[in-house]
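# For reference, the sequence and a predicted model appear below.
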Amino acid sequence: MQRIRIPSLIAPAVAAAAVLAPQTGLQAAEADFFKGKTATYIVATGAGGGFDFYGRLVAKFMQQNLPGSIFIVRNMPGAGHIVGLNFIYNSKPNGLTLGTFNTAMFLNQILEKKGIKFDMTKMDYLGKLASSYQILMISDKQPYRSIADLKKSGKVLKMATGGPGSGRWIFSKIAENALGLKFQLIPGYDGPDATLAIMRGEIDIMTGSVESNEQTVKQGRGHFIGIFAPKRDKNFPDMPTVRELTTDEDSLALTRIVEAIGGAWRITGVPPELPKGRLAVMRAAYTKGVLDPAFDKAVKNAKRDVDPAFGEEVDKIVKEAATVTPRVANLLKEAVLSAPKVTMLRHTGKVTQTKRGGRQVFIMFEGKEISAKVSGSRTKVSINGKGGKRKSVKPGMTCTFVYLKLGGEATELVCKN
């Protein structure tokens, strides 16, 4: 990943000059609107994690740069960010509701997923804080070192993905389409599980981010062979971009969708139809906060990175990516709907222990202790026939894991006392 520190950026320097320019009477009036007001910053995930960290930091500096205002952070997890984004989108457009969510939500919009009550092309954005571009990484146990090598071989490699329809699944199908390859998609690999599976030799190839896998490459246990980014990564200049290898417009459009997700990470959005003057004031407060040395210090102390962009630049990235032709939308839908039926494992036993508030549950099955991960948004939890929370699962209960593999994330956790 290209790690860019704030002081080295030219664009933010220009933005800073604009922020520090004298306010007009209209701008001053819009800034005065926030005095004595409470604004709610929605984080579309639970507490903890990257979205929560960046969201709380942005809220803190927004409050600092809008004198007299109070910013509170409200975590609103559910349905993989859909609940939080629905709330932001449908709030009154007065500047008192804003928030952060997964940029990949526009994939669900294009796919017309049930429960969507937003249109990201109609929203405005204060900015984004990070980049996290997707790569293709191949195992060192395979002899191929480039897309060309793989295409020439005709080999169908085992590709690690999440469940059918997940981000990893969609990225893998787009890679197939754009590069003229065919993979055997192996579901059940979420987060770092895929990287570990490559090291164990369970799978041959995977998608993921540069920053999460560069250590594997440096250790010689995997090789980057392509990146969904508008330009090559400066730390891996020999790795081509997928767009360099894409020959037709439809595939290029799909590729740009994945690029946009990676390029506009940790965004902050506001509801549609926010008055332009108030939007300008909020963008100025956001930009001034992100460019504050204290902001950069907080990010560094948390051992995180920033790659910021502001206002209309982020508007353009999101709106161009989310506005696709019907043909491209159908290609994306085919990538999801082409998912084959997957046989789920069902293991039942007495709960022996739980960890981290029910995020991991252990049961005894056939004389062995096994575990499943439990997501707060993706896992359906029921207790005694009623909907429940993972934190309510206790030792002694009898639970059934419904999942793709041992130790994987459960799609369902069915428990009874």
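Nice, I can see it. This is a predicted model, so every value here is computed, not measured.
# Could you tell me which residues make contact with the nearest residue to Pro240 once chain neighbours are set aside?
Once its chain neighbours are removed from consideration, Pro240 has its nearest residue in Gly226; the separation is 6.0 Å (C-beta to C-beta, 6 or more residues apart in numbering). Using the backbone N, CA and C atoms, a C-beta is placed for each residue, glycine as well. Contact criterion C-beta atoms under 8 Å, 6 or more residues apart in numbering gives 135-136, 147, 175, 179, 239-242, 245 as the residues in contact with Gly226.
# 10 Å instead, please
With contacts defined as C-beta atoms under 10 Å, 6 or more residues apart in numbering, Gly226 is in contact with 134-138, 146-147, 150, 175, 178-179, 207, 239-245.
# Ok, Ala47 next?
Counting by C-beta under 10 Å, 6+ apart, the residues that Ala47 touches are 53, 56, 73, 75, 77.
# so the first one sits in a strand?
No. Counting by DSSP: H, G, I helix; E, B strand; the rest coil, Phe53 is located in no strand; its state is helix.
# Could you measure from the nearest residue to it once chain neighbours are set aside over to Gly49?
Closest residue to Phe53 apart from its sequence neighbours, by C-beta to C-beta, 6+ apart: Ala302 at 6.2 Å. In this structure, Ala302 and Gly49 are 12 Å apart, going by C-beta to C-beta, to the nearest Å.
# ok, now Lys117?
Counting by C-beta to C-beta, the gap between Lys117 and Gly49 amounts to 24 Å.
# Check Lys35 too.
When C-beta to C-beta is applied, the distance between Lys35 and Gly49 equals 32 Å.
# before we move on, what about Thr100?
Distance of Thr100 to Gly49, given as C-beta to C-beta: 11 Å.
# hey, what's in contact with both of the two?
With C-beta under 10 Å, 6+ apart as the test, Thr100 and Gly49 both reach 43, 55.
# and these two? which has more neighbours close in?
Thr100 (31 against 12; other C-beta atoms under 10 Å).
# Once you drop chain neighbours, what's closest to that one?
Nearest-residue entry for Thr100: Gly55, 4.6 Å, with adjacent residues in sequence omitted and distances by C-beta to C-beta, 6+ apart.
# One more: Lys141?
For Lys141, the nearest residue in space outside its immediate sequence neighbours is Gly201; the separation is 5.6 Å by C-beta to C-beta, 6+ apart.
# Could you pull up the residues touching Ala31?
Neighbours of Ala31 in contact, by C-beta under 10 Å, 6+ apart: 23, 65-69, 277-278, 280-282, 284-285.
# can you list the weak-confidence ranges in the stretch 301-417 of the chain?
Across the stretch 301-417 of the chain, residues meeting the criterion (pLDDT under 70) sit at 338-342.
# Break this protein down into its domains, please.
6-129+264-316, 134-257, 345-416 (automatic domain parsing).
# Let me have the ones you listed in a markdown table, extended by distance to Thr323.
Output for these, formatted as a markdown table (distance: least, C-beta to C-beta, whole Å):
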| stretch | distance to Thr323 |
| --- | --- |
| domain 6-129+264-316 | 6 |
| domain 134-257 | 10 |
| domain 345-416 | 27 |
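# For stretch 158-176, measure first residue to last.
The separation between the terminal residues of stretch 158-176, taken as C-alpha to C-alpha, to the nearest Å, is 13 Å.
# The chain should start at 456 in everything you say after this.
In the new numbering, first residue 456, that becomes stretch 613-631.
# buried sites along stretch 740-748?
740-747 (16 or more other C-beta atoms under 10 Å).
# Narrow these to those in strands?
Among the buried residues of stretch 740-748, no member is found in strands (DSSP state E).
# So which of those residues sit within helices?
Here DSSP state H is the test, and the buried residues of stretch 740-748 give 740-745 as lying in helices.
# Of the residues you listed, which is the nearest to Phe638?
Val745 (38.6 Å; C-beta to C-beta).
# To what extent is His799 buried, counted in neighbours?
If you look again at residue 799, you'll see it is Met, not His. Residues near Met799, counting by other C-beta under 10 Å: 16.
# Quickly note the distance from it to Lys860.
Taking C-beta to C-beta as the criterion, Met799 is separated from Lys860 by 10 Å.
# show me where the stretch 456-605 of the chain has strands.
Counting by DSSP state E, counting those that start in this stretch, one finds strands in the stretch 456-605 of the chain at the ranges 493-498, 525-530, 552-555, 579-585, 589-594.
# can you give me the mean pLDDT across the shortest one?
The reference is to strand 552-555. Averaging pLDDT along strand 552-555 gives 98.
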